[in-house]
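Novice: 3D model of this:
(chains A and B)
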Amino acid sequence: MYRSNVLVCGGTGCTSSDSLKIVEKLKEEIAARGLEKEVNVITTGCFGLCALGPIVVVYPEGSFYSMVKIDDIPEIVEEHLLKGRIVTRLLYQETVVEDTIKSLNDTAFYAKQQRIALRNCGVIDPEKIDEYIAMDGYAALGKVLTEMTPTEVIETILASGLRGRGGAGFPTGLKWKFAAANDADQKYVCCNADEGDPGAFMDRSILEGDPHALLEAMAIAGYAIGATQGYVYVRAEYPIAVNRLQIAIDQAHEYGLLGNNIFGTDFCFDVQLRLGAGAFVCGEETSLMTSIEGKRGEPRPRPPFPAVKGLYKKPTILNNVETYANIPRIILLGADWFNSIGTEKSKGTKVFALGGKIEHTGLVEVPMGTTLRTIVEEIGGGIPNGKKFKAAQTGGPSGGCIPPQHLDIPIDYDNLLAIGSMMGSGGLIVMDETTCMVDIAKFFLEFTVDESCGKCTPCRIGTKRLLEMLDKITKGQGTLEMIDEMEELCHYIKDNSLCGLGQTAPNPVLSTLHYFRDEYVQHVVDKKCVAGVCKDLLEFSIIKDKCFGCSMCARQCPAGAITVTDYTAPGKKKPAYEIDTAKCVKCGACLPTCKFGAIVKG
Amino acid sequence: MKSLAELQAIRDKAKLELNMRHENPNAIRVLVGMATCGIAAGARPVLNAFTEEVAKRNLQDVTITQTGCIGICQFEPVVEIEIPGEDKVTYVKMTPEKVAKVVNDHIVNRNVVTEYTIGAYK
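Specialist: Alright, predicted model coming up:
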């Protein structure tokens, strides 16, 4: 028994800022002071507050150290672990209130969160099955196998109102019911862990922080629909997740929680990993299954739906990681408990990956119906540098932008659709006034053009043409007719594409056209980009009367476009400089060098 | 895994370690003074004895934590026990041998071991 637990985040975010070296150093320092039998160092999954990583939490005190450096470790060990004096200097400063320390759960970032899917992330060691079991892990599987019929399991999931967390929000219980109703010699349970939206990383976080939750839920699903084999389709770009999943599968086998005759019943279930090469289209269900079969990941027309003919032409269910992560809790605590959280048509919680122009980048899990304002301003800590909120992008390349006038809408599946965006997998990118909406639409479209599999014409050619038009507009070569043509093309692509990728690809364009049409018109008519992003519409110049002739900018200019003039402003001692717009590459390197505000962009 | 009982056994064993990772407002807190004076007087074996004893008895709602010097260095090792809703009790000149009695009498049975408290020395 240890007297103290030191939890170090081993998620991808903190790992990339050397948290694993921190673990090593901690162990070394602890051993040097002979505390290794008293203090346990645990590598956990993501705490969610990625902006403050690497994160180290010490229990039982609950001290939350943020942005820890390797050099800080001796002090933490000596002062805190040896002498019991918390190193206040290194604490997350919001937890320090006038010399006392406030609970992490009372900080703005965590107070409004309700963690169901992320319940064990940052709490347990994901590589130890015992710790998962200690958090009631596999109890739900035990319950369904010994006390419930498959129909009762499906009824419970139906009654809970759980909807797919991967994007479209299809009721999970219904999916299971369809698959259960189809007779076949073999059925499959698949998990979509091919998280492809740029900026979304909640699935990775669950895989890294709580892999057993997924395995348990897949086994429950297997029991419910009558399948004995599961596949997790996970992208190879998630090495930590793949590694921990494999460890989890091996441990579950060792304990007999996967394999034959689980809990002494007739139920047998196994899970295998399939690594994807990170194609966005493989997040689409039919493509994903084709890819698992070892073929090229391309979609096929539906029907038949996977519940009828899925993987290897057998009835299959496919759910997203976050969806599965909710299942064990629903089984243990009941449908009514889950049902009581959220809005009328969207139950439970949703994890959002907060990114972009926001103070607290990270993962937040909030009840459905939380307003965007709460997420951005309270949990996310607002927008840095005193800038103004311009829009939030949800749903990644398939979603749309939400302008300030909709900040108070309770977020759920239906409300987001109504305002022209979608839940998607939960990416939430915050943009301030320095973001150009045309440029954002172009960014997402570039992504979908790259990722279009090419099987159907509307998506392959349509998105490419759309991107070309956007490109012209950002270069100042657009026309007003072009904007109308774009809109028409968007609808054509949406209506005619084969799969979800093409059907949603125009959304970023449509929603920015809807809410920020003025900005498009400015690009076309005034040839101006107010956000100062589109390079071709920018011009840098020096206000000569403000220039002291210090030459700082000229020395920074990589293109040699800044030269001295023979004009000396009144009251200044040296002649002013000027920018040759023909030579200027618009890199903006000169801007921060000027201490007198003489250089302007516009 | 052949039965629910087997799962339960693993859970009970692993749970104790994880209990520490929740901030539990109802927990009984054992605070061991671990400043230089406390450590010099032998607070570390006392702290470890508490940890062992609590683990041995499988007590769920007890957290053992360190604290700094409370200013009565001549009485170290000092241990304070806070039971929610009750007055704080301060034990002084603690030894690992005294720990079992304090855990048994005070934490489990709620009878303060008066002869070890600061009152007995004043």
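
Novice: so what's A:Leu591 up against?
Specialist: By C-beta atoms under 8 Å, 6 or more residues apart in numbering or on different chains, the contact set of A:Leu591 is A:Phe540, A:Ile599, A:Lys601. In this view, the C-beta of every residue, glycine as well, is placed from N, C-alpha and C.

Novice: Please enumerate the helices of chain B.
Specialist: Counting by DSSP state H, the segments of chain B that form helices are B:4-19, B:36-41, B:43-56, B:96-101, B:118-121.

Novice: Pick the most buried one from these.
Specialist: Across the helices of chain B, averaging neighbours per residue (mean count of other C-beta atoms under 10 Å in any protein chain shown) puts helix B:43-56 on top, at a mean of 21.

Novice: Who are the packing partners of that helix?
Specialist: strand B:28-33, strand B:62-67, helix B:96-101 (3 or more C-beta pairs under 8 Å, 6 or more residues apart in numbering or on different chains; DSSP states H and E).

Novice: The second one and chain A, any residue contact?
Specialist: What it means is strand B:62-67. Yes: applying C-beta under 8 Å from any C-beta of the partner chain, one finds strand B:62-67 touching chain A at B:Thr63, B:Ile64, B:Thr65, B:Gln66, B:Thr67.

Novice: most surrounded residue in the residues you listed?
Specialist: Highest neighbour count within the residues of strand B:62-67 next to chain A, by other C-beta atoms under 10 Å in any protein chain shown: B:Gln66, with 26 neighbours.

Novice: Which residue, neighbours along the chain excluded, lies closest to that residue?
Specialist: A:Gly84 (2.7 Å; C-beta to C-beta, 6 or more residues apart in numbering or on different chains).

Novice: okay, now the one you found: neighbour count?
Specialist: A:Gly84 has 23 nearby residues by other C-beta under 10 Å.

Novice: Can you find the helix or strand in the chain with the smallest mean pLDDT?
Specialist: Let's take chain A. Using mean pLDDT, DSSP states H and E, the weakest-scoring helix or strand in chain A turns out to be strand A:100-101, at a mean of 72.

Novice: Chain B is the one I meant
Specialist: None of the helices or strands of chain B scores lower by mean pLDDT, DSSP H and E than helix B:118-121, at a mean of 82.

Novice: which one is A:Thr568 nearest to, not counting chain neighbours?
Specialist: Closest residue in space to A:Thr568, ignoring its immediate chain neighbours: A:Pro575 at 4.7 Å, by C-beta to C-beta, 6+ apart.

Novice: quick one: pLDDT of the one you found?
Specialist: Confidence at A:Pro575, expressed as pLDDT, is 94.

Novice: next one: the one 4 residues further on
Specialist: Listed pLDDT for A:Ile579 reads 94.

Novice: Identify the residues contacting it.
Specialist: With C-beta under 8 Å, 6+ apart, A:Ile579 has these contacts: A:Phe540, A:Ser541, A:Ile542, A:Ala561, A:Ile562, A:Cys590, A:Ile599.

Novice: Look at the fourth one and say how many residues are nearby.
Specialist: When neighbours are counted by other C-beta under 10 Å, A:Ala561 registers 20.

Novice: these two touch, right, it and A:Val585?
Specialist: Yes: using C-beta atoms under 8 Å, A:Ala561 is in contact with A:Val585, at 7.4 Å.

Novice: re earlier: worst average pLDDT in the helices and strands packed on helix B:43-56?
Specialist: strand B:62-67 (a mean of 85).

Novice: which residues sit against that one?
Specialist: A:3-4, A:60-61, A:83-84, B:19-20, B:24, B:27-34, B:47, B:50-51, B:54, B:80, B:107.

Novice: rewinding a little: any idea which of the residues of strand B:62-67 next to chain A is the one closest to A:Tyr138?
Specialist: A:Tyr138 lies nearest to B:Thr63 out of these, by C-beta to C-beta, at 26.6 Å.

Novice: Pull the contacting residues for the nearest residue to the closest one once chain neighbours are set aside.
Specialist: Here the nearest residue to B:Thr63 in space, its sequence neighbours aside, is A:Pro60; by C-beta to C-beta, 6+ apart that works out to 4.1 Å. For A:Pro60, the residues meeting the contact criterion (C-beta under 8 Å, 6+ apart) are A:Ser4, A:Asn5, B:Met20, B:Thr63, B:Ile64, B:Thr65.

Novice: Could you report the neighbour count for the residue lying closest to A:Thr15 once chain neighbours are set aside?
Specialist: Nearest non-adjacent residue to A:Thr15, counting by C-beta to C-beta, 6+ apart: A:Ile240, 6.5 Å away. Neighbours of A:Ile240 under the rule other C-beta under 10 Å: 18.

Novice: so A:Ile240 sits in a helix?
Specialist: Yes: using DSSP: H, G, I helix; E, B strand; the rest coil, the assignment for A:Ile240 is a helix.

Novice: tell me the pLDDT at it?
Specialist: 93.

Novice: What of B:Asp12?
Specialist: Note on B:Asp12: pLDDT of 88.

Novice: Next: A:Glu539.
Specialist: On pLDDT, A:Glu539 comes in at 87.

Novice: Next, count neighbours for it.
Specialist: A:Glu539: 13 surrounding residues under other C-beta under 10 Å.

Novice: right, and A:Gly209 touches A:Leu118 too?
Specialist: Yes: the pair A:Gly209 and A:Leu118 qualifies as a contact (C-beta under 8 Å) at a distance of 7.3 Å.

Novice: okay, those two: which has more neighbours?
Specialist: A count of neighbours by other C-beta under 10 Å puts A:Gly209 above the other of A:Gly209 and A:Leu118, at 30 against 27.
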